[in-house]
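Asks: pasting the structure only:
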């Protein structure tokens, strides 16, 4: 186990009707906030708009609304939000939505006190030192952004998703009511669920020895997601399934499962690039890329993939060679993705193989990943496996 | 899953040599602190004294020392600490030690700003509203007090251990270097390890349905402790074993495993009473009481104990009835406790059965526990099973 520092300061208010207290909760931090979301119509469809507005008004919290967040949130809207906050003297950003909204809220919040271009942070030209506080009402679990130190934004001018990962941007609170996720369409639900699973997978595949406690915990959370995730398709109104997945998604990315390990994140980097170029949902991009990445590298990491197959997918090891057992784990994951109704290949997501060179050119001259470092040549091969 | 609020704000600095930065870390909060511990001689034996003093001096942190903490920390020393803090204008308490030191540090810290008798908090005559900030260098893992909301102190005048459990008393930071635990004697190591296991057990046994994610996580942490805990006996200088148990102990009691559940704590209440009357180590008292409590109640909770047997101790269910399978889990736990060198009965801890009435009289007219509520009559029977 490597040395590490662990912080997990976001307060979670979890359960039925918790969104009714958003005004009181926000008022602990600010009385003049930016209310950031997809749009009033979407929030009304979820059934959260009136409740949130009433609660903020009752608590005497003044708010300025900025809707219009799209999946894979755009830099242009972030910049608009920064301007509004500066003009209105706003000192808190509340996001109501999923990871896109929360990431956009985070970017606005750390953009406000910064004199330069907020994109500087995403290309590592500058490091976030300070931020307005943020909080959220979560309506789509999966990204884990509600308590994480991560923020991903798409620069639509150059077709690239950049990310900021630093402790100071963790939100002050997350309000998580599973009831608010019941109206999500099946595809979005499964994209979120796979995103959560992928956050554990990215951490699980490591070469750092003696991480038994977190290995077992990773396996526990993956098994829970694999067991319960697809049940949401059969019974979308089931509170308990929604609650388990919502909590699993939080744990999957609060980094309690990544402590003391060197983690990989290659699948995310590649998946982000598909989403940036083709505007494919994050979870769907990940499903394709996790599979292709696994198929490309597993033979060089038989021990870990064997463990994944046996402990997570309960592959019976006795009858097979270790390599075949390891591979069977990947095949089970593929079947699981199909059961979720997510694509396992680019073609199933209507992404034509002819644009692979356009997607991968950005990786020229760079290497990625820690568990299995890859370069542009490897990335081209992984994309070909995914086509 | 029940509604819940979850906070886990303590920053953990984990790994080799992390104690060398204690001065810098403390200086973020205060330059005038109480340094609370067992005694200079004990800290020298552990090899932490000079390092800590140098680091505090280098960071310009003024400190007043108060040593003399004993296992099952005493109210009288807490009161002494409160007086010193008030007199010296101290606004931070740093504990160097195990759960006893940290609990004593917490009690001093919330006693300072309170006008009344600090014992009021332990008998629920008052609720802690504010506290000085605290932090620790952990030298004995097990209690989880380094990041928990709990504080247990013994009032030696009346032979009773009282506890305070409230979010505001969670420490600001915990410095956790597994190397500092290598010199612990086997008995103390195993007491701490069993304490950690018991914190998961107290949370695992619940009637709240649909807590799959935390059930699986509880099972994961219990399996890790059961697997790795005794290895510390065979190889006390093994960093990795010490690190795994130190982290497992933290998770076991930061309440991430208790979310959304109604938890029990009967074994702790009964164990505390043995420790208060007989001054037996906390972990040893718990080992005796967890076993006796399980034997007393399991027949009325076959499903949960079956799950415990099969998922934690990997009891083969096929050959047995569900009740026998459930019981086999308890028998395996008993064998595990013996392997750890801990007592399974009061007699093995040289506690004479004749003092049982003295120990249990305090429970007259009260009920305890949530999973399986018990009264004085039940408690007498549990103690008889433990004799």
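Replies: Nice, thanks for sending it over. Predicted, not measured: the structure shown is a model, and the values here were computed from it.
Asks: Tell me how many other residues crowd residue A:316.
Replies: Using other C-beta atoms under 10 Å in any protein chain shown, residue A:316 has 10 other residues around it. Heads up, the C-betas are built off the backbone N, CA and C, glycines and all.
Asks: One more: residue A:227?
Replies: So residue A:227, with other C-beta under 10 Å, has 14 neighbours.
Asks: Find me the pLDDT at it, would you?
Replies: Looking at residue A:227, its pLDDT is 97.
Asks: cool, and residue A:296?
Replies: pLDDT, residue A:296: 97.
Asks: With adjacent residues omitted, what lies nearest to it?
Replies: Spatial nearest neighbour of residue A:296, excluding adjacent residues (C-beta to C-beta, 6 or more residues apart in numbering or on different chains): residue A:382 at 4.9 Å.
Asks: can you check residue A:99 too?
Replies: Distances taken as C-beta to C-beta, 6+ apart place residue A:143 nearest to residue A:99, at 2.7 Å, with adjacent residues excluded.
Asks: got it, and residue A:65?
Replies: residue A:35 (4.8 Å).
Asks: same question, residue A:209
Replies: Per C-beta to C-beta, 6+ apart, closest to residue A:209 is residue B:240, 7.5 Å.
Asks: Next, the contact list for the one you found, please.
Replies: Residue B:240 is in contact with A:1, A:209, A:210, counting by C-beta atoms under 8 Å, 6 or more residues apart in numbering or on different chains.
Asks: Phi and psi next, for the second one.
Replies: Spelled out, it's residue A:209. phi -80, psi 170 (degrees, to the nearest 10).
Asks: give me the number of residues near it?
Replies: 8.
Asks: likewise the first one?
Replies: Here the neighbour count serves as a burial measure; for residue A:1 (other C-beta under 10 Å) it reads 23.
Asks: The residue nearest to residue A:296 against residue A:376, yeah?
Replies: No: contact status for residue A:382 versus residue A:376: not in contact, 10.6 Å apart, counting by C-beta atoms under 8 Å.
Asks: do you know how far residue A:262 is from chain B?
Replies: To chain B, residue A:262 is 14 Å away according to C-beta to the nearest C-beta, to the nearest Å.
Asks: Ok, residue A:221 next?
Replies: Counting by C-beta to the nearest C-beta - residue A:221 and chain B are separated by 7 Å.
Asks: buried ones in stretch A:6-25?
Replies: Neighbour-count burial for stretch A:6-25 flags A:6-8, A:10-15, A:18-19, A:22-23, A:25 (criterion: 16 or more other C-beta atoms under 10 Å in any protein chain shown).
Asks: and which of those residues is nearest residue B:262?
Replies: Nearest to residue B:262 among these: residue A:15, at 13.6 Å, using C-beta to C-beta.
Asks: Touching, the closest one and residue A:246? I think so.
Replies: No: using C-beta under 8 Å, residue A:15 is not in contact with residue A:246; the gap is 9.9 Å.
Asks: Show me the common contact partners of the two, please.
Replies: Common contacts of residue A:15 and residue A:246, defined by C-beta under 8 Å, 6+ apart, comprise A:176, A:178.
Asks: can you list the residues of chain A near chain B?
Replies: A:1-9, A:11-16, A:18, A:209-210, A:212-214, A:216-217, A:219-221, A:223-224, A:227-228, A:240, A:243-244, A:247-248, A:251, A:256, A:259-260 (C-beta under 8 Å from any C-beta of the partner chain).
Asks: What about those residues, which are in helices?
Replies: The helices, defined by DSSP state H, take in A:212-214, A:216-217, A:219-221, A:223-224, A:227-228, A:240, A:243-244, A:247-248, A:251 from those.
Asks: ok, the residue nearest to residue A:209 to residue A:317 distance?
Replies: Remark: distance between residue B:240 and residue A:317 (C-beta to C-beta, to the nearest Å) = 25 Å.
Asks: Please apply the same query to residue A:42.
Replies: As judged by C-beta to C-beta, residue A:42 and residue A:317 stand 47 Å apart.
Asks: And residue A:20, by the same measure?
Replies: The gap separating residue A:20 from residue A:317 is 50 Å, by C-beta to C-beta.
Asks: do the same with residue A:31
Replies: In this structure, residue A:31 and residue A:317 are 60 Å apart, going by C-beta to C-beta.
Asks: Then residue A:100?
Replies: From residue A:100 to residue A:317 the distance is 41 Å (C-beta to C-beta).
Asks: again, but for residue A:361
Replies: Distance, residue A:361 to residue A:317, by C-beta to C-beta: 41 Å.
Asks: And those two? Which one has more around it.
Replies: The neighbour comparison of residue A:361 against residue A:317 (other C-beta under 10 Å) goes to residue A:317, with 15 against 11.
Asks: now that we're looking at the more buried one, which residues does it contact?
Replies: Residue A:317 sits next to A:306, A:309, A:310, A:325 when contact means C-beta under 8 Å, 6+ apart.
Asks: Which of the residues in the helix or strand that contains the last one are classified as buried?
Replies: When you say that, I think you mean residue A:325. Using DSSP states H and E, residue A:325 sits within helix A:322-339. Using 16+ other C-beta under 10 Å as the test for burial, helix A:322-339 gives A:325, A:326, A:327, A:328, A:329, A:330, A:332, A:333, A:334, A:336, A:337.
Asks: was I right about residue A:309 contacting residue A:326?
Replies: Yes: contact criterion C-beta under 8 Å: residue A:309 and residue A:326 qualify, at 5.5 Å.
Asks: could you list every residue that touches residue A:297?
Replies: residue A:372.
Asks: So it, which state does it fall into?
Replies: helix (DSSP: H, G, I helix; E, B strand; the rest coil).
Asks: Chain B versus that one, what's the distance?
Replies: Relative to chain B, residue A:297 is positioned 26 Å away (C-beta to the nearest C-beta).
Asks: what's the answer for residue A:101, then?
Replies: 21 Å.
Asks: Across the sheet, point out what pairs with the closest residue to that residue other than its chain neighbours.
Replies: Leaving aside its chain neighbours, residue A:101 sits nearest to residue A:95 (4.3 Å; criterion: C-beta to C-beta, 6+ apart). Note on residue A:95: beta-bridge partners by DSSP bridges are residue A:36, residue A:136.
Asks: contacting residues for residue A:95?
Replies: Taking C-beta under 8 Å, 6+ apart as the test, what residue A:95 contacts is A:36, A:37, A:101, A:102, A:104, A:105, A:134, A:135, A:136, A:137.
Asks: go on, residue A:110?
Replies: Contacts of residue A:110 (C-beta under 8 Å, 6+ apart): A:118, A:121, A:128, A:130, A:131, A:132, A:151, A:164, A:168, A:169.
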